[in-house]
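In: 3D model of this:
(one chain, ligands or ions: 1)
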Amino acid sequence: MSSSDEYGTAEGPGAQGADAAEAAYGADRLVGPEAESDESALEAALRPKELSEFIGQSKVREQLDLVLKAARQRQGTADHVLLSGAPGLGKTTLSMIIAAEMGAPIRITSGPAIQHAGDLAAILSSLQEGEILFLDEIHRMSRPAEEMLYMAMEDFRVDVIVGKGPGATAIPLELPPFTLVGATTRAGLLPPPLRDRFGFTAHMEFYEPAELELVVHRSARLLDVRTDAAGASEIAGRSRGTPRIANRLLRRVRDYAQVKGDGVIDRETASRALGVYEVDERGLDRLDRAVLGALVKLFGGGPVGLSTLAVAVGEERETVEEVAEPFLVREGLLARTPRGRVATPAAWDHLGLARPQSQQPPHPSSAPGQQGLFGE
Ligand SMILES: Nc1ncnc2c1ncn2[C@@H]1O[C@H](COP(=O)(O)OP(=O)(O)OP(=O)(O)O)[C@@H](O)[C@H]1O
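Out: Next comes the predicted model:
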């Protein structure tokens with residue numbers, strides 16, 4: 001096994017790998033950021049319909065508001081919009097809000113559904129003037145379709161190729177002006193010519209706990225569930241900065257409150273309910289804690305190779321690398337280093353374990369160089 005095989009990449013997985021591993025492991029994962037297969041109707045019911053209802057992302061909202069107002073004043077179509085950010089942060093929701101604010105219809109499709117340029121030509125040629133075309137996972141579109149999109153975005157025109165080989169001819173096709181809203185979890189993977197054709201690019205950040213509390217209160221109101229401030233705060237704190245997860249945890253806590261309590265969600269009820277589902281107070285689930293526990297207890301905090309860590313927790317290495325690690329890294333509990341995975345001092349604290357000597361904060365009298373690995 002090569003050393004890169006053993007240690008995995010320090011940067012993390014590629015796009016397709018991450019999507020596949022999340023889909024495979026994350027299908028029934030309460031804190032997975034992807035939508036579950038039966039979730040779309042529930043999500044639709046909870047989507048904010050107007051920009052003013054959209055919680056958080058204040059900069060994005062302010063900028064988008066300007067873009068849309070200006071387009072409305074000119075009675076034209078809005079510039080193409082690129083929304084980037086992790087799954088479940090509200091990209092689809094924002095695209096629907098753009099359509100609503102522009103009073104325009106919306107067509108929804110995704111990169112993986114457009115494998116041939118012809119698929120895209122069929123969609124583009126049937127758009128109405130001013131229509132919003134939402135292209136989710138735009139980074140997963142095929143190359144020929146992507147190239148067709150360049151011209152469509154810039155000149156509202158496509159060349160449809162008829163025939164094959166030397167006899168093939170390009171028939172130009174005029175398109176009505178439309179607004180493309182592209183969404184991607186990996187803006188860095190978009191080729192620059194595509195990225196540059198968007199007039200407005202917004203990066204969506206993870207939400208602050210206070211913003212997620214507002215999401216929980218709003219959803220609770222729509223679901224007709226009573227939640228007090230402490231209950232909403234407990235759910236928000238475990239939602240990994242993601243409204244989709246907040247809404248999902250709220251539904252599970254609602255079940256618990258209904259079956260085991262009086263239907264009201266307070267701190268105690270939320271905490272007990274999420275304990276049943278093994279989501280801890282910081283939003284880690286069983287897999288996250290298994291990875292962290294193995295790293296700390298079996299390997300003294302590392303460095304340890306990815307494959308060895310995966311064997312220790314009985315999972316595929318892709319699952320550890322793509323499903324568990326991103327959140328652990330984001331939370332500052334685990335670091336990916338060229339020598340392998342390393343637990344940070346916060347990992348011991350989170351697991352309620354005493355830090356070993358090497359991870360102790362330096363004693364004020366200790367000489368430089370005797371500090372722990374992270375030199376706190
Ligand atoms: N700012 C917000 N305020 C209130 N609810 C939100 C907000 N953002 C997202 N949500 C809710 O979270 C859920 C997921 O949002 P959405 O489907 O728009 O995410 P997404 O970024 O498009 O995810 P994916 O990349 O997986 O398609 C929806 O039910 C939506 O109502």
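
In: Please identify the residues of this structure in proximity to the ligand?
Out: Counting by C-beta under 6 Å from any ligand atom, the chain comes close to the ligand at 34-35, 43, 46-48, 54-56, 87-93, 136, 215, 243-244, 247. Any C-beta I mention is one placed from the backbone N, CA and C, and that applies to glycine too.

In: now do 5 Å
Out: 43, 46-48, 54-55, 87-93, 215, 243-244 (C-beta under 5 Å from any ligand atom).

In: got a winner among those for most neighbours?
Out: Ranked by neighbour count under the definition other C-beta atoms under 10 Å, the residues of the chain next to the ligand are headed by residue 243 with 29 neighbours.

In: So the nearest residue to it once chain neighbours are set aside: helix, strand or coil?
Out: Among residues not flanking residue 243 along the chain, residue 215 sits closest, at 4.7 Å (C-beta to C-beta, 6 or more residues apart in numbering). Taking DSSP: H, G, I helix; E, B strand; the rest coil as the rule, one finds residue 215 in the helix state.

In: and what of residue 346?
Out: Secondary structure assignment for residue 346 (three-state DSSP): helix.

In: burial count for the residue of the stretch 251-376 of the chain found nearest the ligand?
Out: Scanning the stretch 251-376 of the chain for proximity to the ligand using C-beta to the nearest ligand atom identifies residue 251 as nearest, at 10.8 Å. Burial measure for residue 251: 15 neighbouring residues, criterion other C-beta under 10 Å.

In: just how off-centre is the host helix or strand of it within its chain?
Out: Residue 251 belongs to helix 243-260 when elements are defined using DSSP states H and E. Computed by C-alpha atoms, centre = their mean, to the nearest Å, the separation of helix 243-260 from the middle of its chain amounts to 20 Å.

In: what's the answer for stretch 99-107, then?
Out: With C-alpha atoms, centre = their mean, you get 24 Å for stretch 99-107.

In: Look at it and report the distance between its end residues.
Out: Its first and final residues considered, stretch 99-107 spans 10 Å by C-alpha to C-alpha, to the nearest Å.

In: okay, now residue 210: neighbour count?
Out: Neighbours of residue 210 under the rule other C-beta under 10 Å: 11.

In: Just the closest residue of the stretch 1-150 of the chain to the ligand, please.
Out: residue 90 (2.6 Å).

In: Wait, that residue touches residue 60, no?
Out: No: contact status for residue 90 versus residue 60: not in contact, 9.2 Å apart, counting by C-beta atoms under 8 Å.

In: follow-up on the earlier one: report the contact partners of the residue of the stretch 251-376 of the chain closest to the ligand.
Out: Applying C-beta atoms under 8 Å, 6 or more residues apart in numbering to residue 251 gives the contacts 42, 223.

In: Which residue ranges of the stretch 201-350 of the chain form helices?
Out: Across the stretch 201-350 of the chain, reading from the start of the chain, the helices by DSSP state H, counting those that start in this stretch fall at 209-223, 229-237, 243-260, 267-276, 286-293, 306-313, 317-318, 325-330, 345-350.

In: Turn these into CSV, columns for mean pLDDT and distance to residue 73.
Out: Formatted as CSV, those follow (pLDDT from 0 to 100; distance: least, C-beta to C-beta, whole Å):
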stretch, mean pLDDT, distance to residue 73
helix 209-223, 96, 30
helix 229-237, 97, 37
helix 243-260, 94, 31
helix 267-276, 95, 45
helix 286-293, 93, 48
helix 306-313, 94, 54
helix 317-318, 89, 49
helix 325-330, 92, 40
helix 345-350, 94, 50
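
In: ok, residue 330 - contacts?
Out: Applying C-beta under 8 Å, 6+ apart, we find residue 330 in contact with residue 206.

In: separation between it and residue 234?
Out: Between residue 330 and residue 234 the distance, using C-beta to C-beta, to the nearest Å, works out to 20 Å.

In: Using the record's assignment, carve the chain into domains.
Out: Structural domains annotated on the chain: 3-28+285-354, 57-203, 209-276, as defined by automatic domain parsing.

In: number of nearby residues for residue 199?
Out: The burial count assigned to residue 199 is 15, neighbours taken as other C-beta under 10 Å.

In: Count the neighbours of the closest residue to it other than its chain neighbours for me.
Out: On the basis of C-beta to C-beta, 6+ apart, the spatially nearest residue to residue 199 that is not a chain neighbour turns out to be residue 79, at 2.7 Å. Neighbour count for residue 79, taken as other C-beta under 10 Å: 16.

In: any idea how far residue 277 is from the residue of the stretch 251-376 of the chain closest to the ligand?
Out: For residue 251, the distance to residue 277 equals 11 Å [C-beta to C-beta].

In: Ok, residue 207 next?
Out: Summarising the geometry, the distance separating residue 207 from residue 277, computed by C-beta to C-beta, is 21 Å.

In: okay, these two: which has more neighbours?
Out: Using other C-beta under 10 Å, the more surrounded residue of residue 207 and residue 277 is residue 207, with 25 against 17.

In: Local confidence estimate at that one?
Out: At residue 207, the model reports a pLDDT of 96.

In: Tell me who's in contact with it.
Out: Taking C-beta under 8 Å, 6+ apart, we find residue 207 in contact with 55-57, 89, 215, 241-243.

In: Angles on the backbone of it, please.
Out: Per-residue torsions, residue 207: phi -90, psi 150 (degrees, to the nearest 10).

In: now swap in residue 107 and tell me
Out: The phi/psi pair for residue 107 (degrees, to the nearest 10) is phi -110, psi 130.

In: Repeat that for residue 185.
Out: Residue 185 adopts backbone torsions of phi -90, psi -10, taken as degrees, to the nearest 10.
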